[in-house]
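*Asks:* Generate a structure from the sequence data that follows.
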Amino acid sequence: MLGTVVYQETHTITTTNLGMVILSIGQGTPSIGSFSAINWGSGAKFMQVELDASGGNNYIDLGTQQMMSVPYSLYAGNGLKNGTTAGEMMYWNGTAWVSVAPTGNQTKTLKFCNGAPTWEDCPAALSTVAISNISYTTASSGGSITNDGGAAVTARGVCWSTSINPTIALSTKTIDGSGIGSFTSSITGLVAGTSYYVRGYATNSVGTAYGNQVVFTTSATPPVIIGQSYQGGVIAYILQAGDPGYDANVQHGLIAAPSDQSTGIQWYNGYYVTTGAIAAALGTGNANTNTIVSVQGAGTYAAKLCYDLVLNGYSDWYLPSKDELNKLYINRTAIGGFAAAFYWSSSEDYSYVAWGQSFGTGSQASSSKFNTAYVRAVRAF
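*Replies:* From the prediction side, this is the model:
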């Protein structure tokens, strides 16, 4: 017989005059396992019978039969619990037997609410919305109430905690109107780099029901602002929604060197060549700088000056692109140290000219690579 033997026993008996034997399973001499330890609820069980008419160990297999009805074992497998109060009822919640306690009021009606029998009105049924817009101290969530349980929802929102299963007993909760339907909640007052548990809730006359629990972690870095000293320089620009590389959960942007690297340097190394560094958008200045240096090589010129710069422990400085340079102009007062002069960008126009910007008027124009201009290096964060 195939399968694992969970219990085996032997019996020594004498047949009747008709050649029959009657024995009780579980009352023989055990040789494998324990009859009381059999898990009858773990799957089908089969009984195999073997016989040695001489009373020895040379058994003959008489056949195997599935045990189709084992009332005691079915009861034991379900694990039905006893009540503790007169009138208490038990129901299976999908995992275990739990009770529906009597209310002591003979006028109430038992209803089936959200998969469980409940006296009269039901708790509301709802789900918690996934967390979004996570920052250092805030996040967004909400809920969707699909059923008010027969009693109007008077309050709804989300509650959160650093411990599991938060409730409305906490002060960390929102109140976002009433009634069924979807709602949005703003979670505030959080601590950076901390994990939180969130549950939507809905309150009606029956009580408060909770949605599924979701967990998230706030961003670990403190927020920065333009003009703040940071990572070797000064915050010059923080990426906004729509900018290349923008991340709603993590701040990115530009850091400007705290002072100019030159008050008069040529864009080129003395030879008019097309470098191909024509990108102008945010996030392209570093690639432009690398391209210019790889094409022009050694020498003293604007891009190479930034490329070789090691300042305050950082060596990844570069000449800003046309659009990056404009962000420096817009925030020049907060950054500080700029002259009302023409500054080079890393964006080439064509072989003889490149783009720059006047920090006196704000106008951007292309100028001969032969001309000298100011340079302010930047790096990304």
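*Asks:* worst-scoring helix or strand of this structure, pLDDT-wise?
*Replies:* Lowest by mean pLDDT, DSSP states H and E among the helices and strands of the chain is helix 71-78, with a mean of 51.
*Asks:* what's downstream of that helix, the next helix or strand?
*Replies:* strand 89-92 (DSSP states H and E).
*Asks:* Quick check: neighbours of that following strand in the sheet, parallel or antiparallel?
*Replies:* With DSSP bridges as the test, strand 89-92 is paired with strand 97-100 (antiparallel).
*Asks:* Mind listing what's buried along the strand it pairs with?
*Replies:* Val100 (16 or more other C-beta atoms under 10 Å). Just so you know, the C-beta spots here come from the backbone N, C-alpha and C atoms, and that holds for glycine as well.
*Asks:* What count of nearby residues applies to Tyr136?
*Replies:* Per other C-beta atoms under 10 Å, the neighbour tally for Tyr136 reads 19.
*Asks:* Also Thr221?
*Replies:* Thr221: 11 neighbours (other C-beta under 10 Å).
*Asks:* Just list the residues touching it, thanks.
*Replies:* Residues near Thr221 by C-beta atoms under 8 Å, 6 or more residues apart in numbering: Tyr136, Ala192, Val250, Gln251.
*Asks:* for the last one, what are its contacts?
*Replies:* This points to Gln251. Thr221, Pro223, Val224, Ile238, Leu239, Phe381.
*Asks:* per-residue confidence at it?
*Replies:* For Gln251, the model assigns a pLDDT of 89.
*Asks:* Leaving out sequence neighbours, find the closest residue to the residue nearest in space to the middle of the chain.
*Replies:* The chain has Phe216 as the residue nearest its centroid, 5.5 Å off, counting by C-alpha atoms, centre = their mean. By the measure of C-beta to C-beta, 6 or more residues apart in numbering, the closest residue to Phe216 outside its immediate chain neighbours is Ile131, 4.2 Å from it.
*Asks:* So what's the residue count around the one you found?
*Replies:* The number of residues packed around Ile131, counting by other C-beta under 10 Å, is 19.
*Asks:* swap in Thr174?
*Replies:* The tally of other residues near Thr174 (other C-beta under 10 Å) stands at 20.
*Asks:* SS state for the spatially closest residue to it that is not a sequence neighbour?
*Replies:* Nearest residue to Thr174, sequence neighbours excluded (C-beta to C-beta, 6+ apart): Gly157, at 3.9 Å. Following DSSP: H, G, I helix; E, B strand; the rest coil, the label given to Gly157 is strand.
*Asks:* quick one, what contacts Gly157?
*Replies:* Gly157 neighbours (C-beta under 8 Å, 6+ apart): Gly143, Lys173, Thr174, Ile175, Asp176, Phe183, Ser185, Gly200, Tyr201.
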